[in-house]
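Asks: show me the folded form of this:
(2 chains)
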Amino acid sequence: MNATGFSPKSATTGDVDWEKIRADFPILKLKIDGKPLVYFDNAASSQMPQQIIDRLVRYQTAEHANINRAVHYLSEIATMEFHRARCKLQQFVNAEEDREIIFTSGTTDAINLVMHGYGRKFIKAGDEIILTTLEHHSNIVPWQMLASEKGAKIRVVPINDKGELEIDEYEKLFNERTKFVGLIHVSNALGTINPIKRMIDFAHRYSVPVLIDGAQAAPHLTIDVQAQDGDFYVFSAHKLCGPTGVGMLYGKATLLEAMQPFKGGGDMIASVTFEKTIYNTIPHKFEAGTPPIAAAIGFGAAIDYLTAIGIERIAAYENTLLDYATACLNEIPGVKIIGTAAEKTAVISFTIDGIHPHDIGTILNQDGIAVRTGHHCAQPVMQRFNIPATSRASFAFYNKKSEVDTLVAGIKTVQKVFL
Amino acid sequence: MHTNSLYQEVILDHNRKPRNYGKLEHASHRATGHNPLCGDRLNISLQLNERDQIDAIAVEGESCAICKASASMMTAAVKGKSRLDAETLIHEFRELATGKLDTDNPHHLGRLTVFSGIRDLPTRVKCAILPWHTLHAALNSLENASTEADHDPASTVSSNT
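Replies: Numbering: from 1, shown residues only, chains lettered A, B, ... in the order given. The predicted structure follows:
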């Protein structure tokens, strides 16, 4: 492991029984139109193993009450379990303190929290915000809203033909007006792993804080926020086999304390009178209202599940699928892989000559294959490659090589239909 | 529904060899249709004569097979028809694609019913409807048609009829 995140190429899959792990996922037993489901849309949302489903059921059947309020048994156990989930996340990203972990409704919500809490307080007219071509819309639009409100300017880091950031160009964008960097750790559209440690270090030379969008990185790479030294790190539970509706923001305590609250309401206050409200301490300052308690506890269970297998082993196994699928797709005439970065996660975006991705997706679906088709909420990436959309197969540790063979056969069927 | 029944030979044929493809030099009505979700874009140009009939119509653009075939078959269906008859077809096609048309009752769609299977693929309904939505925009001198938000054909189908 190193500070830029774990490199999947150097690990082994160990002695993990991947078939046994696959059996943990009840949804994978589904048939679509009589065909076994081949679920290759993991970058959009991954599936949930029985262990996490059971954890949610246990919470709802024996532990549920509102938290941080009453003194009765259920409220105390719910509060404790919610806090334990926060501590699991703290350990997962190696944060120094548990109060640096804020529960949000997801990655988008976490980025918006930083935009409102930090951006609106500290970014002013004429300031510059650096983003990259690889950003998901969720790390573009909030900053555009801020820029237009404040009269600030967005600067964009370009990518090369492989879908890698041009780091020299990134470094040239910095000047005394640079006040913030928003950077995707792993591209959702292409799978590119960005050299975040180097980029964070460079930004810090200018004392510029960096937000890392880790939505696609957390399921595949070891996160160490202290070693990486990013100021904010965000991701969602549902890409980590957890429930939808919950995500997390890691922020350095000093920054979180300096920020203004995002949402006002219960739980985020220390005291309220109509003359003056005193805000609660972090993390509560940013958790107004009743949080998604069940989902947060499910998030914690997902972290336990993945950690028990080992993120490094997961990445190494997924990488064998990536290498196999890449080799197979490269052999099919007319198929072009978009995004060929040296360092990438198990994501393959591709086009087929003369066939629109939506037709590809619909016809693959008749073979039970779920891929994502479209612009992947990353239109600047599509524009860079001068294409309207791609088809994307994204692999998880519960996928297997024979499913890649099904995809390859499916692509050939698509080509036959449109021959 | 089985997807097989959607990608029927007639649709594949119109995708391969779209009819009335291109742009009219002299058009009385034009509109551009856009589906932001998948990047599909169509330009329709048409010529209405003094009796309010569609003398000529042409479509060009970039889109998926469903959209392209729908556009091609639409041009063949409305050519020579009056504006009123074209609007009736637009209405009926939207009803068909959104699963609201009872094909047992009399209608004017003819072979266009090949698109009936699209109602079971909600994400693809917009692909099939875009040409019709754009034709409606052209006939009503609206320059742009979109399949999103207020312009969503699924939600505006009744208000546009």
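
Asks: how much space separates the residue sitting furthest away from the middle of chain B from B:Gly33?
Replies: The centre of chain B is farthest from one residue, B:Glu50, which by Cα atoms, centre = their mean lies 23.6 Å away. B:Glu50 is 27 Å from B:Gly33, where distance means Cβ to Cβ, to the nearest Å. Glycine gets a C-beta too; all of them are placed from N, C-alpha and C.

Asks: hang on, the earlier thing: surely the residue farthest from the centre of chain B is within a strand?
Replies: No - under DSSP: H, G, I helix; E, B strand; the rest coil, B:Glu50 sits outside any strand and is assigned coil.

Asks: okay, domains of chain A per the record?
Replies: Annotated domains of chain A cover A:8-48+A:311-417, A:53-307 [automatic domain parsing].

Asks: distance to chain B and mean neighbour count added to these, as CSV?
Replies: Compiled in CSV, these are given as follows (distance: least, Cβ to the nearest Cβ, whole Å; neighbours: other Cβ atoms under 10 Å in any protein chain shown):
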stretch, distance to chain B, mean neighbour count
domain A:8-48+A:311-417, 3, 19
domain A:53-307, 12, 20
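
Asks: return the residues of chain B in contact with chain A.
Replies: Residues of chain B lying close to chain A by Cβ under 8 Å from any Cβ of the partner chain are B:2-4, B:6-7, B:12, B:15, B:37-40, B:62-66, B:121, B:123-124, B:127.

Asks: keep only those of these that are in helices.
Replies: Members of the residues of chain B next to chain A lying in helices (criterion: DSSP state H): B:Leu12, B:Asn15, B:Ala65, B:Ile66, B:Thr123, B:Arg124, B:Cys127.

Asks: can you give me the strands for the stretch 51-200 of chain A?
Replies: Assigned by DSSP state E, counting those that start in this stretch, the stretch 51-200 of chain A shows strands spanning A:101-104, A:128-132, A:153-157, A:178-184.

Asks: make a markdown table out of the ones you listed and add distance to A:Thr281 and mean pLDDT.
Replies: Formatted as a markdown table, the strands of the stretch 51-200 of chain A follow (distance: least, Cβ to Cβ, whole Å; pLDDT from 0 to 100):
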| stretch | distance to A:Thr281 | mean pLDDT |
| --- | --- | --- |
| strand A:101-104 | 12 | 98 |
| strand A:128-132 | 28 | 98 |
| strand A:153-157 | 33 | 98 |
| strand A:178-184 | 24 | 98 |
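
Asks: now A:Met147, nearest residue through space, not along the chain?
Replies: If you look again at residue A:147, you'll see it is Ala, not Met. Spatial nearest neighbour of A:Ala147, excluding adjacent residues (Cβ to Cβ, 6 or more residues apart in numbering or on different chains): A:Ile154 at 5.4 Å.

Asks: surely the one you found meets A:Pro142?
Replies: No - look at A:Ile154 against A:Pro142 with Cβ atoms under 8 Å: they stay out of range, at 11.1 Å.

Asks: flag the shaky bits of the chain, pLDDT-wise.
Replies: All of this is about chain A. Low-confidence segments of chain A (pLDDT under 70): A:1-11.

Asks: um, chain B though
Replies: Low-confidence segments of chain B (pLDDT under 70): B:1-4, B:143-144, B:146-161.

Asks: report how many residues lie close to B:Arg94.
Replies: For B:Arg94, the neighbour count with other Cβ atoms under 10 Å in any protein chain shown is 24.
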